[in-house]
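> mind looking at a prediction? Sequence and model below.
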Amino acid sequence: MAVYLLVAGLHRRISEIIKRVDVLLPPPSLKILEFFEKELKSFRNFVERLDSKSRERMSASLQGIFYTIKAYIYEDGLIFANMNSIVDGERYEDVSRGIHSLVEQLKKVEKEYYTLQEDDQKEVVSSSSSRAVSKTKMVGLCDLRRLLKDDLIHPWRGDSIFNSIFGMAGIGKTTLAREIFEDFDIIEWFECRVWVTAGFEWRPGRERTSEEITEDILAQVDPEAHKMVMGRSEEEKGEALKESLKGKLYLIVLDDVWNQSVGEYLESSFPDDRNGSHVVLTTRLKYVGRNVSGMSFIDMRLLNKEESWDLLRLKVFVGVSCPPRLVDTGKKIAEKCDGLPLTIVTIADLLSKVPESLWIEVATKRKHKLFVEAYDQISQVLNPSYEILRDDIKNNFLYMGVFPLKYEIPKSRLINLWIAEEFVEHTFVDYTLEFNAAIGLMHLALCSLIMVYQKNISGFLNSFYPFIKTCGIHSTWWHFCQTKARETNLFHVLDCYNENDIEEAIEGHTRLSIHNNVLFALKHVYNSIEEICASTARSLLCFGPYCQYMVPVCFGLKFLRRLDALNIRFYDFPLEVLKLVKLRYLALTCNRNLPSSISNLRKLQYLIVHPHLSIKPCRALFNLPMEIWDMKRLKHLQVTGYDLPNLGETSLQELITLSDVTAGSCTVLNRVPNLTKLGIKIELAPDVADPLCCFDHIYHLTKLESLKCVIVNPEFKLGVVSPVSSFPCLPFSLNKLSLSGMGYPWEEMSKIASLPNLEVLKLRFNAFRGPEWEVEDNGFPNLQALLIEDIDLVKLKWAHGSFKSLTALRIKHCYKLKELHLGNLPKITEVEIVDCNPLTEWYVKNNALKYNVEHLLVRSSWKL
């Protein structure tokens, strides 16, 4: 009998009760439940370790446990899920006796097993050895294995469920599915199990069809029915499959699915008996099956350091232990595989063929030929993921290889470079290039081609759409991108000095990415770039580690259109740049005013100037020259700490992004009427009466979508609200607002609450002050995500009809917040509470299920 599923299900139910209501429970009730949870977990692990022979010998005892637990679950009406029965003193005695009685039976079963061991030690040892070998099929990922297994055999859920295991190539999707498919409890539980490999051929425009998939499944479910329908129509075959599956408890695994129409196939091909049957997909494409009702997603993770070493060790030293002298070196090699099982297995195979004396070289050399050979082999597995991309975003993906290995790429920087490189097409003609680029980036994430390091608030807990803030690519994909780029002359990376082949390596390339900026200081490298690439180079990207001391940059590339030198410090603005009149993108680090001749760069669209971080001027602001108004093609201007000059009357009609400017720049905002994104940094000064008057100039920006305003040195007096003026009116076009350090009273929030298109609101460091925020009726009609961080709130409540579109709520470091109510939030699905008052944490944990919160994270840094 499938004892495991009942024990696992009961254990999960008890764990949920303890997590949700631990504060409500009196100490005796809490103690008995914690004892029960611990014993159930121990017995679950015990049953999971049993091999088939041991289960057969102990079938009578296990069957007794099965019916006992079943009685607890069904006949007693889920007494452990009934909170009143646990809190009630009289009922507690009955529950306690029942728990101890059940635990005693569990202990007897375990004792019986160990008695059998003593009676037949040789047989048990042999069985254990056999079991140990079978368990080495999958190393690590025990959390995901248990998550999927418990989901498949959940005894309290009878509806038909679809599961999608997704992740990048080689991450172990098929291995996980196969491990579950061949699990003892799964075999016992499901009446019918089917494994079908769909493969890369089953995708739009290829030979393999859904009809063939149906035939493969039917051949395993009912061979006789399969013979009878051969040669008939697809509809008849589908009906035969439904009839064969009807009434059966089945598990069907569709491995390696690529076809987006799988959703229609799943919903039309299987009977809806709602009896706990499951269909499991493995796919590299998260959007496969996204519209299927009841689909749950398991996002595969990379192996950690310990799991990586375990897998490498087991693959290299089959059946024997690793010599102690190789352990430390082996761990370093495993770590270089960056947690991808396919890389680890490939390296292990190559490593087993080389002498031990080479291990140290493999572990320490940055680009050892063993890893290069492994990456070349793996590229054949990766290639289908690249080939399935639309042609218009293939170069976008390959371009991510211009960044250094394991580089955390800000989304805004990547999108700006894509557009400047003219990689982005107007696929969605009614939207901006920036929007199209963002959609392309999200598509890469859904195809498991990139790794999302940080999400913005709109997707901080979202389980499907990756709302990306920073991202990167795995080392295997980094090698793939660089190899493909060399084949197509898309770009060339310089990261080390090789005197013999540098000229041949860079010849003819239009894009150069420098991963070691010190190379410019080598005369041979500098001269080679300036001479060989003088007429071909269009992009020079200096992505090496930040240089505090200036190194020479090749400004003699007269046809250069894109120059990113943010990681190189310039003491003065490099006047040589002004000769590069074809520049469209310029990014550098400099603590000086820009020269008036900057206007010579008339084709410039992106101008990004950062200050050197260790230097902060004493109240002195940088000034942009008046000639900045002559740069008519500017689209993106990010100049930290600079003031836009209030001279002349010309405007910048194409400017859509203005970031990190001072409050003084706001007086000329009427001359940039098409702004969609504005960022302001304000530094308070004693002689400025009302630094927030800058807001008075924002209302007329009718196309503004994103506004961020930060006071970098806020000063608050106890009980006094800082602003002199009231909060201004903001443009109705605004959909994202981020405020920090203003100190407005909560009464002023009504002007924000009335914004009809506002979707994201971030309030940080006392942007508003006061103990109570009460949201008025129908406030924030379209707000979807709310972040409150470092605010002195004590009580937060909202009236009926407000926040009616809110799906994501994030509250951080609000230590005084004691009252928070999730009621009247019809669409709330995601809540995160970090380092807040324990009362708030308790309330959210105890009401999350009541208000249908699907994704809940409560975390306290002071708790273990």
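Right, received. Where do you want to start?
> going forward, measure contacts between C-alpha atoms and count neighbours the same way
OK.
> without its sequence neighbours, what residue ends up closest to Phe371?
Distances taken as Cα to Cα, 6 or more residues apart in numbering place Ile347 nearest to Phe371, at 6.9 Å, with adjacent residues excluded.
> which SS class is the one you found?
helix (DSSP: H, G, I helix; E, B strand; the rest coil).
> quick one: distance of stretch 174-187 to the chain centre.
Relative to its chain's centre, stretch 174-187 lies at 27 Å (Cα atoms, centre = their mean, to the nearest Å).
> picking up where we left off before, next up, the contacts around the residue nearest to Phe371.
312, 370-371, 374 (Cα atoms under 8 Å, 6 or more residues apart in numbering).
> highest neighbour count among these?
For the contacts of Ile347, the largest number of neighbours (other Cα atoms under 10 Å) sits with Leu312, at 26 neighbours.
> buried ones in the helix or strand hosting it?
Following DSSP states H and E, one finds Leu312 within helix 305-316. Using 16 or more other Cα atoms under 10 Å as the test for burial, helix 305-316 gives 305, 307-316.
> could you export the residues you listed as JSON lines, including distance to Asn757 and pLDDT?
Shown next, in JSON lines, are the buried residues of helix 305-316 (distance: Cα to Cα, whole Å; pLDDT from 0 to 100):
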{"residue": "Lys305", "distance to Asn757": "46", "pLDDT": "95"}
{"residue": "Glu307", "distance to Asn757": "47", "pLDDT": "95"}
{"residue": "Ser308", "distance to Asn757": "47", "pLDDT": "96"}
{"residue": "Trp309", "distance to Asn757": "51", "pLDDT": "96"}
{"residue": "Asp310", "distance to Asn757": "52", "pLDDT": "94"}
{"residue": "Leu311", "distance to Asn757": "51", "pLDDT": "95"}
{"residue": "Leu312", "distance to Asn757": "53", "pLDDT": "95"}
{"residue": "Arg313", "distance to Asn757": "56", "pLDDT": "94"}
{"residue": "Leu314", "distance to Asn757": "56", "pLDDT": "93"}
{"residue": "Lys315", "distance to Asn757": "56", "pLDDT": "93"}
{"residue": "Val316", "distance to Asn757": "58", "pLDDT": "94"}
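> just the closest of these to Asp392, please.
Closest approach between the buried residues of helix 305-316 and Asp392, by Cα to Cα: Ser308, at 36.0 Å.
> give me the three-state assignment for Ile298.
Three-state call for Ile298 (three-state DSSP): strand.
> and for it, the neighbour number?
For Ile298, using other Cα under 10 Å, the count is 17.
> the closest residue to it other than its chain neighbours: which element?
Spatial nearest neighbour of Ile298, chain neighbours left out: Ile165 (4.8 Å); criterion: Cα to Cα, 6+ apart. Using DSSP H and E, Ile165 sits in strand 161-166.
> parallel or antiparallel, list what pairs with that strand.
Here strand 161-166 is paired, per DSSP bridges, with strand 278-283 (parallel), strand 295-299 (parallel).
> other residues contacting the shortest one?
Translated: strand 295-299. Residues outside strand 295-299 that contact it (Cα under 8 Å, 6+ apart): 144, 148, 161-167, 289, 463.
> rewinding a little: helix or strand right after the strand holding Ile165?
Next along from strand 161-166, by DSSP H and E: helix 173-181.
> give me the residues contacting that next one.
Contacts for helix 173-181 (Cα under 8 Å, 6+ apart): 137-138, 145, 148-149, 165-167, 186-187, 193, 253, 255-256, 280, 282-283, 300.
> tell me what angle that helix forms with strand 278-283.
Using axes from the mean of the first three to the mean of the last three Cα atoms, to 10 degrees, the inter-axis angle of helix 173-181 relative to strand 278-283 is 160 degrees.
> from the centroid of the protein, which residue is nearest?
Per Cα atoms, centre = their mean, the C-alpha nearest to the average position across the chain is that of Val452, at 4.2 Å.
> which residues does it contact?
So Val452 contacts 445, 466, 468-472 (Cα under 8 Å, 6+ apart).
> which SSE is immediately downstream of the helix or strand of the chain with the lowest mean pLDDT?
Within the chain, no helix or strand scores below helix 121-135, which has a mean of 37 by mean pLDDT, DSSP states H and E. Downstream of helix 121-135, the first helix or strand assigned by DSSP H and E is helix 142-152.
> so for that following helix, mean pLDDT?
Helix 142-152 carries an average pLDDT of 87.
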